[in-house]
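> coords please:
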Amino acid sequence: LSEVIRNGKKVQSGIFKQPVEGPIKVRSLGLEGDYQANKKLHGGADKAICVYPAEHYDLWRDELMKPDLSFGDFGENLTILGLREDTVCIGDRFRIGSVEVVVTQPREPCVTLNARFGLADLAMRFQNSGRSGFYFSVIKEGSLNRGDKIECIFKDQNQVSVSEFNHVLNGDPGLEGIMRRASKVSALPKKLKDKLLKHLSSL
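Here you go, the predicted model:
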């Protein structure tokens with residue numbers, strides 16, 4: 001854990017990540033050696049592994065004018081290639097090394113991201129960009145290595161992409177169809193599912 005200045009106060013944060021060589025053990029609550037300071041917002045079984053697409057880094061390097069931006073700088077546990085928010089669906093399952101994981105929800109950036117980069121609006125820009133990243137829940141513990149192939153082993157039949165669900169989280173109008181499909185995804189965390197069902201029942 002490291003200290004960041006958030007809203008004028010020093011707070012503990014696990015947003016600073018370092019690359020790891022060799023096999024990493026993966027348990028139900030995440031990667032061995034990883035820590036979350038705020039357990040209410042981060043971590044837990046539904047947010048065991050934070051994932052971010054490597055393809056977005058060049059866009060952020062240009063937008064933030066930070067050519068030295070490196071993988072892991074957004075606080076993700078895994079920086080991956082080939083899985084983006086518009087192609088990955090909530091409920092999709094993947095095998096990495098001996099680990100099996102399932103996509104549970106998009107990442108919703110918090111103000112610690114602002115503090116990490118000294119930019120007051122970065123979390124909002126992150127959310128609005130659609131380049132959110134997403135979370136894995138661990139369905140089979142094991143170990144993985146840097147450079148391991150990611151294999152899709154199950155595609156959720158409801159086909160709610162992370163991008164589509166980002167629109168739901170942003171409160172965009174006219175998304176009842178997406179909400180109904182999302183409410184049927186077994187991997188969607190109960191808190192989010194209950195919120196969807198409550199909204200749908202009021203229509």
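> now the helices for the protein?
Per DSSP state H, the chain carries helices over the ranges 57-63, 111-117, 122-129, 162-169, 176-182, 190-201.
> show me the contacts for Gly82.
Ile150 (CB atoms under 8 Å, 6 or more residues apart in numbering). C-betas here are computed from N, CA, C, even on glycine.
> roughly how far does it sit from Glu55?
8 Å (CB to CB, to the nearest Å).
> pLDDT below threshold where in this protein?
Residue ranges of the chain with pLDDT under 70: 1-17, 35-42.
> separation between the residue most central in space within it and Gly118?
Central residue of the chain (CA atoms, centre = their mean): Phe134, 2.5 Å from the mean position. Using CB to CB, we find Phe134 at a distance of 25 Å from Gly118.
> what segments of this structure are strands?
Here the chain has its strands, by DSSP state E, at 2-6, 9-13, 24-27, 30-31, 49-53, 78-80, 93-96, 99-106, 134-140, 142-144, 150-154.
> would you turn the ones you listed into CSV with distance to Pro67?
CSV is the format used below for the strands of the chain (distance: least, CB to CB, whole Å):
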stretch, distance to Pro67
strand 2-6, 22
strand 9-13, 24
strand 24-27, 28
strand 30-31, 28
strand 49-53, 18
strand 78-80, 17
strand 93-96, 29
strand 99-106, 27
strand 134-140, 26
strand 142-144, 29
strand 150-154, 27
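> Gly171 is nearest to which of those strands?
Of all the strands of the chain, it is strand 99-106 that lies closest to Gly171, at 13.6 Å by CB to CB.
> what packs against that closest one?
strand 93-96, strand 134-140, strand 142-144, helix 162-169 (3 or more CB pairs under 8 Å, 6 or more residues apart in numbering; DSSP states H and E).
> tell me which of the ones you listed sits most buried.
Stretch with highest mean neighbour count among the helices and strands packed on strand 99-106: strand 134-140 (a mean of 22; mean count of other CB atoms under 10 Å).
> relative to strand 49-53, how tilted is that one?
Strand 134-140 and strand 49-53 are oriented at 130 degrees to each other (axes from the mean of the first three to the mean of the last three CA atoms, to 10 degrees).
> residues in contact with stretch 86-100?
By CB under 8 Å, 6+ apart, stretch 86-100 touches 23, 26, 78, 83, 101-105, 134, 136, 138-145, 148-156, 158-163, 165, 182, 185-188.
> what's the answer for stretch 150-164, then?
Stretch 150-164 is contacted by residues 80, 82-83, 85-96, 100, 102-103, 106, 130, 132, 134, 175, 178, 181-182, 184-185, 187 when judged by CB under 8 Å, 6+ apart.
> equivalent analysis for stretch 52-64, please.
So stretch 52-64 is contacted by 66-67, 69, 71, 74, 76, 78-81, 83-85, 107, 117, 119, 122, 125, 131, 133 (CB under 8 Å, 6+ apart).
> what remains of those if I keep only buried residues?
Neighbour-count burial (16 or more other CB atoms under 10 Å) is assigned, among the contacts of stretch 52-64, to 69, 74, 76, 78-80, 83-85, 107, 117, 122, 125, 131, 133.
> so how far does stretch 98-114 reach from one end to the other?
Terminal residues of stretch 98-114 are spaced 35 Å apart (CA to CA, to the nearest Å).
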